[in-house]
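A.B. asks: Make a model of this:
(2 chains)
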Amino acid sequence: MGAIVNLNGTAHYVHWHFFLMSVPNVVVVVLMLAVFTVALFLRAPGARRPGGSR
Amino acid sequence: MSSWTERVREFGLRNLPPEKLLPDSQPAYMTSAIYLFGALTIGALVVIIASGMILALKGPAWWHVASVGHFVNSIHLWSVELFFFFMVIHLWGKFWMAAWRGGRARVWMTGAVAFLVAVPCAFTGYLSQQNFDSQWIATQGKDGINSLGVGAFFNALNFGQMYSYHILLLPLAVVAIVALHILLVRRHGIVPPIPLADSVGVAAPER
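C.D. replies: Next up, the predicted model:
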């Protein structure tokens, strides 16, 4: 089974002034920020609603 | 005079009574999914330890050649990726909750130390791959480690030493610190939300 992206080519980087990070690392950081934000607003499974039952 | 086993038992029961150690309900304020990330981190750690045990038993010739070896090797790598992913989100969540409040300083500190010890644990894992990637990382990393002045007893180019660190010393440290962290969480309880009055600087409305 092949990889989703070509892993044998030259690595790609996001470079802006002092900021230098590989694209895979940028993707992971953005994904973590997205999951963190969603988790703040998502109700935990089995959590009781305020003032009521589940 | 009581025996040491009795004193240990009394200490354990005094600090961690069964209803605190294994509670049957969660606090009412645990409504957000952000509270799940500590448990998700522990779940990933369990998979890491289990897959790592299999890799240690079978050895590099297996994880490089056999298809099942590739699979278990990938499980080990991706559970580590998820471990750090979940742990950092857990860290962010607890930082913004100011989770060291209410006498929970040791809970916070053991969590921070677990993160710091997990980093070299993962680093020595990359050095233990036994491929060109691990050689590249070792030659790149050795200068940084030498600049810290610890190269004499932590030599990134010494595979045997890095492998021992990776499969014994550092996992033991991570598991011990995480276990202590969990026991402290159970003792002090999950940190409650910051009261609204404190966060906006005015008195909370009467309910």
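
A.B. asks: Near chain A, which residues of chain B are found?
C.D. replies: B:26, B:28, B:30-37, B:85, B:88-89, B:92-93 (Cβ under 8 Å from any Cβ of the partner chain). Using the backbone N, CA and C atoms, a C-beta is placed for each residue, glycine as well.

A.B. asks: Keep only those of the residues you listed that are in helices.
C.D. replies: Among these, the members falling in helices (DSSP state H) are B:37, B:85, B:88-89, B:92-93.

A.B. asks: Closest one to A:Ala44 out of those, please.
C.D. replies: Minimum distance to A:Ala44 across those is 10.6 Å, recorded for B:Phe37 (Cβ to Cβ).

A.B. asks: Pull the contacting residues for the closest residue to the closest one other than its chain neighbours.
C.D. replies: Take B:Phe37 and drop its neighbours on the chain: the residue closest to it by Cβ to Cβ, 6 or more residues apart in numbering or on different chains is B:His90, 3.9 Å away. Contacts for B:His90 (Cβ atoms under 8 Å, 6 or more residues apart in numbering or on different chains) come out as B:37-38, B:40-41, B:111.

A.B. asks: if we take those, which one ends up nearest to A:Phe41?
C.D. replies: Distances from A:Phe41 to these, taken by Cβ to Cβ, are shortest for B:Phe37, at 14.3 Å.

A.B. asks: excluding its backbone neighbours, what's nearest A:Met21?
C.D. replies: A:Val14 (5.4 Å).

A.B. asks: Tell me how many other residues crowd the one you found.
C.D. replies: By other Cβ atoms under 10 Å in any protein chain shown, 12 other residues sit near A:Val14.

A.B. asks: Please confirm that it is located within a strand.
C.D. replies: Yes - read with DSSP: H, G, I helix; E, B strand; the rest coil, A:Val14 is one of the residues of a strand.

A.B. asks: got a pLDDT number for it?
C.D. replies: Listed pLDDT for A:Val14 reads 95.

A.B. asks: next one: A:Pro50
C.D. replies: For A:Pro50, pLDDT reads 62.
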